[in-house]
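Trainee: What follows is a predicted structure for the sequence shown.
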Protein chains: 2
Amino acid sequence: MSSPATAPEPVSAKRAHLMATAQRLFYRDGYRVVGIDTLLAEAGVAKMTLYNHFASKDELIVAVIGKLDAEVRAALEAAVATAGNSPTRRLLAVFDWLAVWFKSADFKGCGFIRALSEFPDPEHPVHQAAWRHKQAVNAMLQELVANAGARQPTELANALSLLVDGAILTAHSTGSAASAATAKATAASLLKLATA
Amino acid sequence: MSSPATAPEPVSAKRAHLMATAQRLFYRDGYRVVGIDTLLAEAGVAKMTLYNHFASKDELIVAVIGKLDAEVRAALEAAVATAGNSPTRRLLAVFDWLAVWFKSADFKGCGFIRALSEFPDPEHPVHQAAWRHKQAVNAMLQELVANAGARQPTELANALSLLVDGAILTAHSTGSAASAATAKATAASLLKLATA
DNA sequence: AACAAAATAGACAATCCTGTCTATTTTGTT
DNA sequence: AACAAAATAGACAGGATTGTCTATTTTGTT
C-alpha cells in the first residue's frame, strides 16, 4: 500500500504552519473577523502561498476545522485511555477533560460551536464540517455509554452531548469552569439511573 | 410618577421599525455579516436616522439583544403560565416551548449564543448583553425548580441550563427538534431524582 | 551545477465596511 | 398656516475585505 485513498498531501511545511497560525487566530478572535492579510502577516507567509494551497478562505477554514477535529478527538481518546478500565470512570473522564480545558489560559469557547454560529446556513461547508465533529463526539459518547452497560445508550449519549455542549457554552460566557463539575455530576446521576 | 428611571424612550416608529428589521436580519444571517447598508435598505430607513438613534452599530446590536431578551422571557413566562399549576408541568413546559421554537420555519439557532460566539471577548458590551439574558433564564429555571421542591435548586437549575443550551445548539446543527424531547426527558429524570 | 517547483513581495482590482456631513424634504404639533 | 423636529438622499472619507496577477527569488532534488 503506497498511499491512502484520501489526502496524499505532500505535507508542505508552509501549509502546515499557515494552518497552525490560522487555527490559533480563528480560535482566539473568530473566523470572520480574522482577515487573510492579518493571518498572512502573523504567519509570515505570502498571499499566493495561501491561494496555491487553498482555493478560498472558506476552504482554509474547513481544513482548519478538520485539523481541530482530529486533535480534539485524539485528546479525548487520550483522556479516556488514561482513566483506566472502569467504564464509568472512562465515561466521566470526558468531563474531567472538559474541566482542564476550561481552566486553560487560552480557553475561548468551542471552535466548532463558533463555526456553527458564524456560518448559520446548514448548507455551508464550514457549518457542515463543524457538525461532523459534533457527530463524531456523540458517537464516542455512545460507545462509552454502551460499554458502561446503560439501557438506552443512544438516548443517554444524546443527553450527555447536550450537557457537554451546554457546559462549554456556559464556561465560555461565565469564565468559570464550574459547569464541567455540574455536567459531570449530572452525567453520573443519569448513568446511575440508566444502569440501576 | 412621571417617567421611570431608565429609558423614557419616545418610542419613535422609525426606531422601532429599524430595530425590528435589524433583529430579523441579525438573527437570520449573523450580527457581523449583516452590514448597515443592507439593513437600511431592507428597512427603508436613511443612514442618519440610524446614527441619530444609536451611536454605533454595536450599540444597535446591544439594543436588539435587549429587545430579544424581553421577548424571549415574555414568551417563556407565557408558556409556563399556560401550563397550569402543577410545578412539575410548569417546569417541563419550558422544554415544550423549546420544541415549538425548534420546529418553527425560521429557526436558526439562538441569537444570544450567536452573539457570544461572534463577540468572544467577555468585555465586549454585546457579549455581556447576551450573557445577562442567559443569567435571567437561569434565574427563571431556578425559581421553577424551587417551586417544584427540588433539594438543591441552584445546582439543578444549572444542570437544566446546560440541557437547554445544548438542546438549542443541537437543534440548530442537526435541523431536528429531537433534542427538545431528549432535554425534556432528561430534565424530568433529574427533577424526579431531586424530589424523591 | 543545473533545473524545476515552491514561495516571495507587492501592486492591483473591485467591493464592502462603518461612520460623517450637508442640504433638502417630510412630518407632527400648536 | 407656521414652525420646529425628524427623516431623507446622497456624497464622501478612510479602511478593510478577498482574490488575482506578475516578476523575482528561494528552495529542493537530481
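Mentor: Perfect, thanks for sending it.

Trainee: From here on, just use CA atoms for contacts and neighbour counts.
Mentor: OK.

Trainee: what about the helices in chain A?
Mentor: Using DSSP state H, the helices of chain A run over A:13-29, A:36-43, A:47-53, A:57-81, A:87-103, A:111-118, A:125-147, A:153-174, A:178-195.

Trainee: who touches A:Ala115 in this structure?
Mentor: A:Tyr31, A:Val126, A:His127, A:Ala130 (CA atoms under 8 Å, 6 or more residues apart in numbering or on different chains).

Trainee: Could you do A:Thr49 as well?
Mentor: A:Lys14, A:Arg15.

Trainee: repeat for the one 5 residues further on
Mentor: By CA under 8 Å, 6+ apart, the residues touching A:Phe54 are A:Leu60.

Trainee: what's it sitting at in phi/psi?
Mentor: phi -130, psi 140 (degrees, to the nearest 10).

Trainee: For DNA strand D, state which of the contacts of A:Ala115 is nearest.
Mentor: Lowest distance from DNA strand D to the contacts of A:Ala115 (CA to the nearest atom of the strand) belongs to A:Tyr31, with 8.3 Å.

Trainee: I'd say the closest one and A:Leu116 touch.
Mentor: No: counting by CA atoms under 8 Å, A:Leu116 is not a contact partner of A:Tyr31; they are 10.7 Å apart.

Trainee: So for the two, which sits in the more crowded spot?
Mentor: A:Leu116 (25 against 21; other CA atoms under 10 Å in any protein chain shown).

Trainee: What's the separation between the more buried one and chain B?
Mentor: Distance of A:Leu116 to chain B, computed by CA to the nearest CA, to the nearest Å: 7 Å.

Trainee: quick one: low-confidence ranges for chain A?
Mentor: A:1-11 (pLDDT under 70).

Trainee: what does it put close to DNA strand C?
Mentor: By CA under 7 Å from any atom of the strand, the residues of chain A that approach DNA strand C are A:Ser12, A:Ala13, A:Lys14, A:Arg15, A:Gly44, A:Val45, A:Ala46, A:Lys47, A:Met48, A:Thr49, A:Asn52, A:His53.

Trainee: and if we set it to 10 Å?
Mentor: A:10-18, A:37, A:40-41, A:43-53 (CA under 10 Å from any atom of the strand).

Trainee: How about the contacts made by A:Ala63?
Mentor: A:Met19.

Trainee: what's the answer for A:Ala146, then?
Mentor: Here A:Ala146 is in contact with A:Pro153 (criterion: CA under 8 Å, 6+ apart).

Trainee: ditto for A:Leu68
Mentor: So A:Leu68 contacts A:Gln23 (CA under 8 Å, 6+ apart).

Trainee: Report the separation between A:Asp37 and chain B.
Mentor: A:Asp37 is 18 Å from chain B, by CA to the nearest CA.

Trainee: so what's that residue up against?
Mentor: Contacts of A:Asp37 by CA under 8 Å, 6+ apart are A:Lys47.

Trainee: Against A:Leu25, how distant is it?
Mentor: A:Asp37 sits 12 Å away from A:Leu25, going by CA to CA, to the nearest Å.

Trainee: Check A:Leu193 too.
Mentor: From A:Leu193 to A:Leu25 the distance is 42 Å (CA to CA).

Trainee: same thing with A:Thr195?
Mentor: In terms of CA to CA, A:Thr195 sits 43 Å off from A:Leu25.

Trainee: Which of these two has more residues huddled nearby?
Mentor: Neighbours were counted for A:Thr195 and for A:Leu25 using other CA under 10 Å; A:Leu25 has more, 18 against 12.

Trainee: close enough to count as contact, the more buried one and A:Val34?
Mentor: Yes: taking CA under 8 Å as the definition, A:Leu25 is a contact partner of A:Val34 at 6.9 Å.

Trainee: can you list the helices of chain A in JSON lines and add distance to B:Leu98?
Mentor: As requested, the helices of chain A are exported to JSON lines (distance: least, CA to CA, whole Å):
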{"stretch": "helix A:13-29", "distance to B:Leu98": "29"}
{"stretch": "helix A:36-43", "distance to B:Leu98": "38"}
{"stretch": "helix A:47-53", "distance to B:Leu98": "43"}
{"stretch": "helix A:57-81", "distance to B:Leu98": "29"}
{"stretch": "helix A:87-103", "distance to B:Leu98": "26"}
{"stretch": "helix A:111-118", "distance to B:Leu98": "18"}
{"stretch": "helix A:125-147", "distance to B:Leu98": "21"}
{"stretch": "helix A:153-174", "distance to B:Leu98": "14"}
{"stretch": "helix A:178-195", "distance to B:Leu98": "20"}
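
Trainee: Quick one: name the residues of chain A near chain B.
Mentor: Residues of chain A lying close to chain B (CA under 8 Å from any CA of the partner chain) are A:28-30, A:108-109, A:113-114, A:116-122, A:127, A:131, A:155, A:158-159, A:161-167, A:169-170, A:173-174, A:179, A:182-183, A:186, A:189-190.
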